[in-house]
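>>> sequence unavailable; structure follows:
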Ligand code: HEM
């Protein structure tokens, strides 16, 4: 890296934090997951106070943290390369879109984009609806039992929906917590999350010498073999159906196609993606889509349990759309649930499932402020801080108020960026919104969420008290999304 050039940037942004020899400021991120998140929150706030930029050294590389939407938008449109710090994730997903270098990502994004068409997504709502009704059934057992963590129920709903829409396979994670696909996925998420936060494990050669490597490899092999078998069987059945007309096929399956089938088609059929490319792309969807959406619904549940008035307003909206009927949710219902959507957005504003985005400057870039970030600088977009920037969200930026998404136009298109911004933003944002709305609507039609009873008798409930959160690649609740449930008798 051109340290001399980076030093010039540092001179313009420098702060009082001591940079240690060799590691720079990396020591600030040591410690527990909760401490790490607190550090990101504190630095984000400081960056906002300094006009939106803060610089820190990680070894010999300079990272610039951004918490201001105008600059964040500019950077997310011009710097598309993912940072080297994320390279270790390629160990699992190879060249799958999410972490791939730009030269590989660009053509893959073109192939992936049409699979997320409104028509395809509309078909998926039936799957979200059915899977969330299983979630409601399993949650029935937790109702009236006092404090419990809602995470497992929501996360397995999310996994079942993602697997069915991506691979066309019912893994039934909700019915079986020992389901091998779920277990392998959980092991990988846990190991990757701890690897990500320990820079000395980023090097593949070093990681391969560590005891946890074998467990990671076994789980990765399991997931890849599972997906590989699904791909092979899908290719065979497509071959068998070759002679039937498209109309026949659509009539048989009601037009529903999994992402896997759609990717085979959009990449050019038999002459398109190889099995490895299909495996990488579908694995990316499972990884990028499961925990993110689950965290979104789980934080929404906790916020609704604390804000009974907001929950009642959502319930009123649900009654307007569904009346007293128990009918399944269909795609046409979702656009009518506007207040629910505002609640989910407001939750993700305060508790974005992905609190940070990391990119790399691949050629010198001059920010709207006139500051030039030189090639090889790292960039951290602090979504947490962007979402709480008072210049864009007002003095009540830290307060949960869903109405702000209804009664006031957003001040800048990148002021809300839970799904990122620019050409490399989340391709699954509409999918995620539909899935989260369906799951939350189904949950609230059947249950009233109540806040968890404090285990410490001296603790006082305050609805606006910030939740304790941790950085676990995604942001999660320290109390594991604990709530209480009461059935809503009709
Ligand atoms: C609440 C749910 C979700 C959140 C908060 C979320 C957030 C994000 C963010 C912040 C990024 C961009 C990172 C960057 O700019 O560097 C991203 C990328 C991505 N997301 Fe999501 N996501 C969610 C759900 C989903 C779902 C359900 C899917 C798929 C079904 C998905 C698929 C992807 C993919 C493929 C990318 C990579 C895009 C690219 O590099 O072209 N996401 N997501």
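Now that the structure is in, tell me what you want to look at. Here the structure is a predicted model, which is why all the values come from computation and not from measurement. Numbering: from 1, shown residues only.
>>> what's the single longest helix in the chain?
Longest helix of the chain, by residue count under DSSP state H: helix 275-306.
>>> following the helix or strand harbouring residue 309, which helix or strand comes up?
Using DSSP states H and E, residue 309 sits in helix 308-322. Next along the chain after helix 308-322, taking DSSP H and E as the criterion, comes helix 338-350.
>>> what helices and strands are in contact with that following helix?
If you count contacts as 3 or more CB pairs under 8 Å, 6 or more residues apart in numbering; DSSP states H and E, helix 338-350 packs onto helix 275-306, helix 308-322, helix 404-407, helix 429-446. Placement of C-beta: from N, CA and C, glycine included.
>>> tell me how many other residues crowd residue 208.
Residues near residue 208, counting by other CB atoms under 10 Å, number 12.
>>> can you give me the end-to-end span of stretch 97-108?
Distance across stretch 97-108, first residue to last, is 6 Å (CA to CA, to the nearest Å).
>>> again with stretch 201-218
Start-to-end, stretch 201-218 (CA to CA) is 18 Å.
>>> quick check: buried residues in it?
Within stretch 201-218, the residues scored as buried using 16 or more other CB atoms under 10 Å are 201, 202, 207, 213, 216.
>>> wait, which of those residues is closest to the ligand?
residue 202 (17.7 Å; CB to the nearest ligand atom).
>>> I'd say that closest one and residue 85 touch.
Yes - Residue 202 is within contact range of residue 85, at 7.0 Å (criterion: CB atoms under 8 Å).
>>> mind listing the shared neighbours of the two?
Shared contacts of residue 202 and residue 85 (CB atoms under 8 Å, 6 or more residues apart in numbering): none.
>>> just give me the neighbour total for residue 391.
There are 14 residues near residue 391, going by other CB under 10 Å.
>>> OK, contacts around it?
Here residue 391 is in contact with 68, 411 (CB under 8 Å, 6+ apart).
>>> now stretch 361-371: how far from the chain's centre is it?
28 Å (CA atoms, centre = their mean, to the nearest Å).
>>> again but with stretch 345-360, I slipped
The answer for stretch 345-360 is 8 Å, by CA atoms, centre = their mean.
>>> also stretch 428-437?
11 Å.
>>> now stretch 28-40
20 Å.
>>> can you list the buried residues in it?
So stretch 28-40, judged by 16+ other CB under 10 Å, has buried residues 28, 29, 33, 36, 37, 38, 39, 40.
>>> the residue nearest to the fourth one when sequence neighbours are not counted: what's it in contact with?
In other words, residue 36. Spatial nearest neighbour of residue 36, chain neighbours left out: residue 471 (4.5 Å); criterion: CB to CB, 6 or more residues apart in numbering. Residue 471 sits next to 33, 34, 36, 37, 40, 197, 355 when contact means CB under 8 Å, 6+ apart.
>>> burial count for the closest residue to residue 193 other than its chain neighbours?
Nearest residue to residue 193, sequence neighbours excluded (CB to CB, 6+ apart): residue 473, at 4.5 Å. If you count neighbours by other CB under 10 Å, residue 473 ends up with 20.
>>> quick revisit: mind listing what's buried along the longest helix of the chain?
Neighbour-count burial for helix 275-306 [16+ other CB under 10 Å]: 277-306.
>>> so that helix versus helix 338-350, what angle?
Relative orientation of helix 275-306 and helix 338-350, computed by axes from the mean of the first three to the mean of the last three CA atoms, to 10 degrees: 100 degrees.
>>> specify the angle between helix 275-306 and helix 308-322 in degrees.
120 degrees.
>>> what angle sits between helix 275-306 and helix 429-446?
Using the same axes, to 10 degrees: helix 275-306 against helix 429-446 is 40 degrees.
>>> does helix 275-306 come close to the ligand?
Yes - Helix 275-306 comes into contact with the ligand (CB under 6 Å from any ligand atom), by way of 284, 285, 288, 289, 292, 293, 296.
>>> circling back: now, which of the contacts of residue 471 sits nearest residue 454?
Nearest to residue 454 out of the contacts of residue 471 is residue 34 (CB to CB; 18.3 Å).
>>> any idea which element that closest one lies in?
Counting by DSSP H and E, residue 34 is part of helix 33-49.
>>> tell me how far the helix or strand following that helix lies from the chain's centre.
Downstream of helix 33-49, the first helix or strand assigned by DSSP H and E is strand 53-58. Offset of strand 53-58 from its chain centre (CA atoms, centre = their mean): 25 Å.
>>> what does strand 53-58 rub up against?
9-10, 13-15, 17, 19, 23-26, 28, 43, 46-47, 62-68, 71, 85, 199, 367, 369, 371, 378.
>>> do the same with stretch 304-317
Contacts for stretch 304-317 (CB under 8 Å, 6+ apart): 303, 336-340, 343, 400, 402, 440, 444, 448-452, 461, 463, 483-484, 488.
>>> go on, stretch 85-95?
Taking CB under 8 Å, 6+ apart as the rule, stretch 85-95 contacts 58, 98-101, 104, 108, 188, 192, 195-196, 199, 201-202, 204, 207, 220, 276-277, 280, 283-284, 287, 358, 378.
>>> burial count for the one residue in the stretch 101-250 of the chain that gets nearest to the ligand?
Distance from the ligand to each residue of the stretch 101-250 of the chain (CB to the nearest ligand atom) is smallest for residue 109, at 4.6 Å. Neighbours of residue 109 under the rule other CB under 10 Å: 16.
>>> again, but for residue 117
12.
>>> with residue 313 instead?
Neighbours around residue 313, by other CB under 10 Å: 17.
>>> spell out which parts of this protein neighbour the ligand.
Residues of the chain lying near the ligand (CB under 6 Å from any ligand atom): 97-98, 105, 109, 284-285, 288-289, 292-293, 296, 353-354, 357, 418-420, 424-428, 431-432.
>>> out of the contacts of stretch 304-317, which end up buried?
303, 337, 339-340, 343, 400, 402, 440, 444, 448-452, 483-484.
>>> max pairwise distance over the residues you listed: which two?
The widest separation within those (CB to CB) is 25.9 Å, between 337 and 452.
>>> phi, psi for the closest residue to the residue of the stretch 101-250 of the chain closest to the ligand other than its chain neighbours please.
Of all residues not flanking residue 109 in the chain, residue 97 sits nearest, at 6.0 Å (CB to CB, 6+ apart). When read as degrees, to the nearest 10, the backbone of residue 97 gives phi -40, psi -40.
>>> how many residues are close by residue 97?
Residue 97: 20 neighbours (other CB under 10 Å).
>>> now residue 101
14.
>>> could you do residue 315 as well?
16.
>>> go on, residue 150?
Residue 150 has 27 nearby residues by other CB under 10 Å.
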